[in-house]
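> Need a 3D model of the following:
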Amino acid sequence: MENRNNTYALIIGVGDDLPYTVKDAQNLYKSITNKKLVGYPKENVILLTEKKATRQGILKAFDTLKEKTNEESSIILYYSGHGGKFGDEHKFFLQPYGMTAENYKKTWVTAEELKEKVNALPSSRLVLFLDCCHAEGMIQTGIKGLYGMAQKLNDEQGIWVMASCQDNQKSYGYNNESFFTQCLLEVLSGKHRRPFIDPEISIMDVVEYIFEEVPKRAAECVDDDDNPCVQTPFFKTQMSENIILSFFPRNKEDFESTIIDLEPKIEDLDEDNYIKLIKAMEAVGRVDDATHQLEKNKKTHQDPDLLELLGDLYRNQYLRSKGQKDGEKTLATYKKAYELALSTNDEEQIFTNAVKVAFLYAKLDLDRREMREYATKAVQGASNYLYPTASKWATLAEANIYLAKLEESKKYYLKVSKKAGIRYKMECFDRGAWVYNAFFEPENSKDEFLTFLDETLLS
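Numbering: from 1, shown residues only. Have a look, this model is predicted:
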């Protein structure tokens, strides 16, 4: 995301009976426009608080975003206030400034209206953060159903929706700041990890950190009954693109420092540091150098870990170029890595490379019988592997799709959901959904297996 001029944000902090929401919105605005942190241009960030955060103000702000943005724009949408469902009418909405029990039908912003405004934006690189909870007794039986509202928002448009809590929970905070927004600010500015050396922060980084940290902070507080507070964030997406939200060009210097330190010693490095050097080269854009180094290294063709790493570099090039020759070179490399793993009895490399071979056969639309044979080898290798790792369960889950054993696949995806981190689960969803769509050609997005993948890996 080096082109910061094409990054935009709409930040809403309603206020009213939730004054801390204004502070949350203001803090996010300061962070996102700080050139030493996130660095969005101030003219590209719309801040609406209190009297500016009315129904008219919110809807007009979306129209302004529509005029300013294009297909390549990255857009953050943030709302802090009340939100939920009206009584039993299954009507989800956001509560703007000035909304009351008497005027709600004239002042609310419904999920349908929000969805219409989101879909009108030209970009599909959208992230919506909802920091709000139900407000008991606000209207009739109370406002609830934030989960349902999030479910409704991305049926058509490519958008990531992340909510601070489930529909039966409240959002908590300390010192007039919500835990959810605290964590969002920390991860966007790179404060979530020390030392922070990555050149970018993606939506996956944000989801991963918020899911880990918010429940822990909430549990340190007690509710009105002196029980530990429970707050579980929620997210939903139908996208495969890992959107970049923050860019830290200075952090490339850390990778360059690694290269300066290790490259002169390249002939004497142990495997861990050699791999660290190769990945640092890739991170600073020296992909050709990293690839050439692996290609000429005699150890690469004797070590399945190094050969798989070379295959991964080839795969990334193939996914960028979409060229048949690049794909075939990737396939051949993974097949060699599989054979080498067999000869060296590297148990884990046997099944991880076998399933990658099956995927390349599918992606290149080659011999399906060969594809199924490698999928069978992946199942056999993973089944014989003693340790209950996430890679074992993910291999068994994906390989069984190639073999049309969907119930078996489900069984292992359930294990992935319990064992793996959020980032890995999202990668598994992306691959699993692609393979299933390619071979089973479901008629609509509500297909039972796709729904299962969504609810198991993304919810």
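> Distance from the chain centre to stretch 225-243, please.
12 Å (C-alpha atoms, centre = their mean, to the nearest Å).
> next one: stretch 201-215
That offset, for stretch 201-215, works out to 9 Å (C-alpha atoms, centre = their mean).
> partners of Phe129 in the sheet?
Tyr78, Met162 (DSSP bridges).
> secondary structure element for Glu256?
Element membership for Glu256 (DSSP states H and E) is helix 252-262.
> what is the mean pLDDT for that helix?
Helix 252-262 shows an average pLDDT of 77 in the prediction.
> following that helix, which helix or strand shows up next?
The helix or strand immediately downstream of helix 252-262 is helix 271-283, counting by DSSP H and E.
> Need the residues that contact that next one.
Identification of contacts with helix 271-283 by C-beta atoms under 8 Å, 6 or more residues apart in numbering yields 199, 252, 255-256, 258-259, 262-263, 266, 269, 287, 289-290, 293-294, 303, 305-306, 309, 313. For every residue, glycine as well, the C-beta is placed using N, CA and C.
> Equivalent analysis for stretch 320-330, please.
Gly311, Tyr314, Arg315, Gln317, Tyr318, Leu360, Lys363, Leu364.
> Look at the fourth one and report its pLDDT.
As summarised for this prediction, Gln317 has a pLDDT of 90.
> do the same with the second one
pLDDT recorded at Tyr314 is 94.
> Which element, helix or strand, includes it?
helix 304-321.
> can I get the CA coordinates of that helix in CSV?
What follows is helix 304-321, C-alpha atoms only, in CSV (Å, rounded to 0.1, in the frame of the first residue of the first chain):
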residue,chain,number,x,y,z
PRO,A,304,12.7,-31.2,1.1
ASP,A,305,12.2,-28.1,3.3
LEU,A,306,14.4,-26.0,1.0
LEU,A,307,12.9,-27.5,-2.1
GLU,A,308,9.4,-26.7,-0.9
LEU,A,309,10.5,-23.1,-0.2
LEU,A,310,11.6,-22.9,-3.8
GLY,A,311,8.2,-24.2,-4.8
ASP,A,312,6.5,-21.6,-2.8
LEU,A,313,8.5,-18.8,-4.5
TYR,A,314,7.5,-20.3,-7.9
ARG,A,315,3.9,-20.6,-6.7
ASN,A,316,3.8,-16.9,-5.8
GLN,A,317,5.2,-16.0,-9.2
TYR,A,318,2.6,-18.2,-10.9
LEU,A,319,-0.3,-16.6,-8.9
ARG,A,320,0.9,-13.2,-10.0
SER,A,321,1.6,-14.1,-13.6
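> residues of it that come out buried?
304-315, 317-318 (16 or more other C-beta atoms under 10 Å).
> can you put these in a markdown table and add distance to Met426?
Below are the buried residues of helix 304-321 laid out as a markdown table (distance: C-beta to C-beta, whole Å):
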| residue | distance to Met426 |
| --- | --- |
| Pro304 | 26 |
| Asp305 | 24 |
| Leu306 | 27 |
| Leu307 | 26 |
| Glu308 | 21 |
| Leu309 | 22 |
| Leu310 | 25 |
| Gly311 | 21 |
| Asp312 | 18 |
| Leu313 | 22 |
| Tyr314 | 23 |
| Arg315 | 17 |
| Gln317 | 22 |
| Tyr318 | 21 |
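> picking that back up, for the contacts of stretch 320-330, could you give me JSON lines that also reports distance to Tyr209?
Below are the contacts of stretch 320-330 laid out as JSON lines (distance: C-beta to C-beta, whole Å):
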{"residue": "Gly311", "distance to Tyr209": "30"}
{"residue": "Tyr314", "distance to Tyr209": "31"}
{"residue": "Arg315", "distance to Tyr209": "27"}
{"residue": "Gln317", "distance to Tyr209": "30"}
{"residue": "Tyr318", "distance to Tyr209": "30"}
{"residue": "Leu360", "distance to Tyr209": "32"}
{"residue": "Lys363", "distance to Tyr209": "31"}
{"residue": "Leu364", "distance to Tyr209": "36"}
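> buried set for the lengthiest helix in the chain?
What stands out as the longest helix in the chain, according to DSSP state H, is helix 324-344. Buried residues in helix 324-344, counted by 16+ other C-beta under 10 Å: 326-327, 329-331, 333-338, 340-342.
> Next, the angle helix 324-344 makes with the helix or strand just after that helix.
Next helix or strand after helix 324-344 toward the C-terminus (DSSP H and E): helix 347-363. If you take axes from the mean of the first three to the mean of the last three C-alpha atoms, to 10 degrees, helix 347-363 sits at 160 degrees to helix 324-344.
> which helices and strands sit right next to helix 347-363?
helix 304-321, helix 324-344, helix 368-384, helix 390-402, helix 422-440 (3 or more C-beta pairs under 8 Å, 6 or more residues apart in numbering; DSSP states H and E).
> tell me the mean pLDDT over that helix?
pLDDT averaged over helix 347-363 gives 95.
> and the angle from the longest helix of the chain to helix 304-321?
170 degrees.
> circling back: format the buried residues of helix 324-344 as CSV; extra columns: pLDDT and distance to Ala163.
CSV is the format used below for the buried residues of helix 324-344 (pLDDT from 0 to 100; distance: C-beta to C-beta, whole Å):
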residue, pLDDT, distance to Ala163
Asp326, 94, 39
Gly327, 94, 38
Lys329, 95, 43
Thr330, 96, 38
Leu331, 96, 41
Thr333, 96, 42
Tyr334, 96, 39
Lys335, 96, 44
Lys336, 96, 46
Ala337, 95, 41
Tyr338, 96, 42
Leu340, 95, 46
Ala341, 95, 42
Leu342, 95, 46
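> Give me the distance between Cys221 and Leu185.
Noted for Cys221: a distance of 19 Å to Leu185, by C-beta to C-beta, to the nearest Å.
> try Gln293
In this view, Gln293 and Leu185 are 39 Å apart by C-beta to C-beta.
> what do you get for Thr333?
With distances taken as C-beta to C-beta, Thr333 is found 42 Å from Leu185.
> for the protein, which spans come out with low pLDDT?
1-4, 36-37, 84-91, 133-158, 167-168, 192-199, 238-241, 247-254, 445, 459 (pLDDT under 70).
> Is the residue sitting furthest away from the middle of the chain within a helix or a strand, and which one?
The outermost residue of the chain relative to its centre, with distances by C-alpha atoms, centre = their mean, is Glu102 at 39.5 Å. Glu102 is part of no helix or strand, with elements assigned from DSSP H and E.
> residue contacts, it?
Residues near Glu102 by C-beta under 8 Å, 6+ apart: none.
> please begin residue numbering at 520 from this point
That works, and once the first residue is 520, the last one we named lands at Glu621.
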